[in-house]
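1. Here is my input; please provide its structure:
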Amino acid sequence: MTFDAEQISELFRSDDWYFRQIAAKTLVDEFDAHAHLFFDLLSTTASEELTRHARGRFPSLAGGFAEAGVFVPSRRYAYFSKYAEEHALFLEKLQAYLRRETRAVRRRQLAANLFNHFEGLRDDLSRLFPRPRDPGDARNEAGRQLMIFITGKCNLHCPYCFSGEIQPSEMSLADLEEILRWASRNQVARVSLCGGEPTSHARFDEILSSIAGQGFKTYFASNFTVDCTGFKNFNAGVIEKIYVHVADQTLDNPRLMTRLLTNVERAREEGIALTCRTNIADPNPPVAKWFQFMQQTAIQALNIALTFPAAGANNKHVDLDSFQRYRPVIEAIIDASRERRVDLSFAKPVPPCIFGEQTSRYLLASGNFNPLCAVNEHHCTRNLCVNAQKEFHACLGVTSSSLKFRAGMEWEEVERFCTSVIRPLLTKPLWDKCAACFLFDRKLCQGACLSYKTVS
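-> Got it, this is the predicted structure:
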């Protein structure tokens, strides 16, 4: 069914969310025909439905890991050239709208909404508008988080684990509390516990108590095969979410499966959110068993990752030149997730160039797939880690450089360290073909996990 501009406008005025969704999707899908109405609406209000659909169709509207460079419409790309054409179309229609819209108030509001909601346009907008409104730095302390490696020990020894090289030592409770006090003084919003297996720490229950005592909540990944039923602080007041890592060796071990299912039931009773986490280290992983486990436990969220290299690259990981081999299994997981209405997300960036255009468009529009990780956010401190030896790393996958923790250090010192480590890696291409890719040129794709750029 098609709608004209008047009907679309009427749908947008509806109080019913469903009708507003139809209007937004129609406007974006038929942007060439309805561009004037699209910008007209954005000149009065920033509809969440409209901006979300627009970012889905035009990935270049989203912000990248650095300021986007000057867009050159005449440049030819071998990869994602259609995205380049659509970006040029968007700018062309915007300029046409501005030639017709002379009301200063509407132009200012449009500039502000475009600037606020489409970070990837900011460089282009600076040339189209005299002074687009600066919304301030969104990467501020409100989103700060800190990952704390409380132990290198684990009751399982998965061959693909990046933590296999970590020393099997535990962070003392005194050191943890010192770090938590520092994090609190520096406006960290939440902490994440890492390992090894976090729940295997000898004083895990006390760790949860300390986290709550400093006013934090936590989330963590766990193989969930350590008995958690005796922990007094194991509740939603302290733990927001657990990523339940379903290891291959657990699926084939009745004793471990019993423990896993018992822990899942305890977490449900306590109101803790659960997501199934799986690692793909082989082109033929046990996908059917993963979904069987999710059906058995009624977990409706699946987080997957192609395994990435540890610092010494001696774990079982997906080789950089083998990404294409994993396309069939990833597409099978995508199809199965859609069929079962599972909320699928990717824990690590996957290069969209390994897929066909239809799949890549679906993934980029889904909101759960991103060829960028979050490491660039908050001045490159989004993935900030501190290990049991009290050393900062800019990311759990980038451990070649470290900064020694000091109780009196300022957050800005950590930011400078992280930026010096991360920014050169983000702008380093993984393959020669990156130079001819529109997404990489617009800083919308980093290729894969940055760990590959430290070992390749």
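2. what distance separates the start and the end of stretch 93-112?
-> Using C-alpha to C-alpha, to the nearest Å, one end of stretch 93-112 lies 17 Å from the other.
3. does the closest residue to L251 other than its chain neighbours count as helix, strand or coil?
-> Using C-beta to C-beta, 6 or more residues apart in numbering and skipping the chain neighbours, the partner closest in space to L251 is K289 (5.0 Å). Where you see a C-beta, it was placed from the backbone N, CA and C, and this is true even at glycine. Classification of K289 by DSSP: H, G, I helix; E, B strand; the rest coil places it in helix.
4. Please report how far K289 lies from I333.
-> 13 Å (C-beta to C-beta, to the nearest Å).
5. Give me the more crowded residue out of the two.
-> I333 (20 against 15; other C-beta atoms under 10 Å).
6. Confirm the more buried one sits in a helix?
-> Yes. Under three-state DSSP, I333 sits within a helix.
7. for it, what are its contacts?
-> Taking C-beta atoms under 8 Å, 6 or more residues apart in numbering, we find I333 in contact with V287, L302, I304, L344.
8. Which of those fall in helices?
-> V287 (DSSP state H).
9. Return the closest of the contacts of I333 with respect to E240.
-> Comparing the contacts of I333 against E240 with C-beta to C-beta places L302 closest, at 18.0 Å.
10. ok, now which ones touch that closest one?
-> Contacts of L302 (C-beta under 8 Å, 6+ apart): T275, C276, R277, T278, W290, M294, I333, S337, V342, D343, L344, S345.
11. I330 versus that one, what's the distance?
-> Distance from L302 to I330, by C-beta to C-beta: 12 Å.
12. do the same with L176
-> Using C-beta to C-beta, L176 is found at 37 Å from I330.
13. hmm, back to that, please, a ChimeraX command that selects the buried ones among the contacts of L302?
-> Burial among those is assessed by 16 or more other C-beta atoms under 10 Å; the matching ChimeraX selection reads:
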select :275,276,277,278,290,294,333,337,342,344,345
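14. W431: which of the contacts of L302 is nearest?
-> Nearest to W431 out of the contacts of L302 is I333 (C-beta to C-beta; 23.9 Å).
15. Verify the contact between R203 and L173 for me.
-> Yes. Counting by C-beta atoms under 8 Å, R203 touches L173, with 5.3 Å between them.
16. can you pull out the helices in the stretch 1-150 of the chain?
-> Secondary structure of the stretch 1-150 of the chain (DSSP state H, counting those that start in this stretch): helices located at 5-12, 17-29, 31-42, 48-57, 81-100, 104-117, 122-128.
17. what's the angle from the first one to helix 31-42?
-> I take that to be helix 5-12. On the basis of axes from the mean of the first three to the mean of the last three C-alpha atoms, to 10 degrees, helix 5-12 is oriented at 50 degrees to helix 31-42.
18. shaky segments in this structure?
-> Counting by pLDDT under 70, the ranges of the chain that qualify are 1, 67-69, 131-142, 367, 456.
19. what about 50?
-> Applying pLDDT under 50 to the chain picks out residues 134-141.
20. How about V342: what's its closest non-neighbour residue?
-> In space, V342 is closest to L302, 5.2 Å off (C-beta to C-beta, 6+ apart).
21. beta partners of the one you found?
-> Per DSSP bridges, residues listed as beta-bridge partners of L302: C276, L344.
22. Tell me how far it lies from W290.
-> Counting by C-beta to C-beta, the gap from L302 to W290 is 7 Å.
23. swap in L37?
-> 44 Å.
24. coming back round to it: present the helices of the stretch 1-150 of the chain as JSON lines; the columns should include mean neighbour count and distance to C154.
-> Below are those laid out as JSON lines (neighbours: other C-beta atoms under 10 Å; distance: least, C-beta to C-beta, whole Å):
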{"stretch": "helix 5-12", "mean neighbour count": "16", "distance to C154": "53"}
{"stretch": "helix 17-29", "mean neighbour count": "18", "distance to C154": "45"}
{"stretch": "helix 31-42", "mean neighbour count": "18", "distance to C154": "50"}
{"stretch": "helix 48-57", "mean neighbour count": "19", "distance to C154": "39"}
{"stretch": "helix 81-100", "mean neighbour count": "16", "distance to C154": "42"}
{"stretch": "helix 104-117", "mean neighbour count": "18", "distance to C154": "43"}
{"stretch": "helix 122-128", "mean neighbour count": "15", "distance to C154": "44"}
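25. I'd like to know which of the ones you listed is closest to A435.
-> helix 81-100 (13.8 Å).
26. quick one: contacts of the closest one?
-> Contacts for helix 81-100 (C-beta under 8 Å, 6+ apart): 31-32, 35-36, 38-40, 57-61, 71, 73, 75, 77, 107, 114, 124, 128, 357, 438-439, 442.
27. All the strands of the stretch 201-350 of the chain, residue numbers only.
-> 218-222, 239-245, 273-280, 301-306, 343-346 (DSSP state E, counting those that start in this stretch).
28. dump the residue contacts of F291.
-> A336, R340, V342.
29. Just give the nearest non-adjacent residue to A189, would you?
-> Nearest non-adjacent residue to A189 (C-beta to C-beta, 6+ apart): R144, at 5.4 Å.
30. Would you check how far apart that neighbour and A374 are?
-> 12 Å.
31. higher neighbour count, the two?
-> Between R144 and A374, counted using other C-beta under 10 Å, the more crowded position is R144 (22 against 14).
32. Among the contacts of F291, which ones are in helices?
-> Of the contacts of F291, the ones assigned to helices by DSSP H are A336, R340.
33. Generate TSV for the contacts of F291, with distance to F323 as supplementary columns.
-> Listed next are the contacts of F291 as TSV, based on distance: C-beta to C-beta, whole Å:
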residue	distance to F323
A336	20
R340	25
V342	23
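34. what's the closest of the contacts of F291 to T262?
-> For these, the closest approach to T262 (C-beta to C-beta) belongs to V342, at 23.1 Å.
35. phi, psi of the closest one?
-> phi -90, psi 140 (degrees, to the nearest 10).
36. Test my guess that it contacts F293.
-> No. The pair V342 / F293 is not scored as a contact, 11.8 Å apart, by C-beta under 8 Å.
37. got a list of what the nearest residue to L364 once chain neighbours are set aside touches?
-> Nearest non-adjacent residue to L364, counting by C-beta to C-beta, 6+ apart: P59, 4.8 Å away. P59 is in contact with Y83, L364, L439, L444, counting by C-beta under 8 Å, 6+ apart.
38. Keep only those of these that are in helices.
-> Y83, L364, L439.
39. and the last one, how many neighbours?
-> Which is L439. Counted with other C-beta under 10 Å, L439 comes out at 26.
40. Distance check, the closest residue to it other than its chain neighbours against D248.
-> Setting aside the residues directly before and after it, L439 is nearest to C445 in space (C-beta to C-beta, 6+ apart), at 4.0 Å. Counting by C-beta to C-beta, the gap between C445 and D248 amounts to 30 Å.
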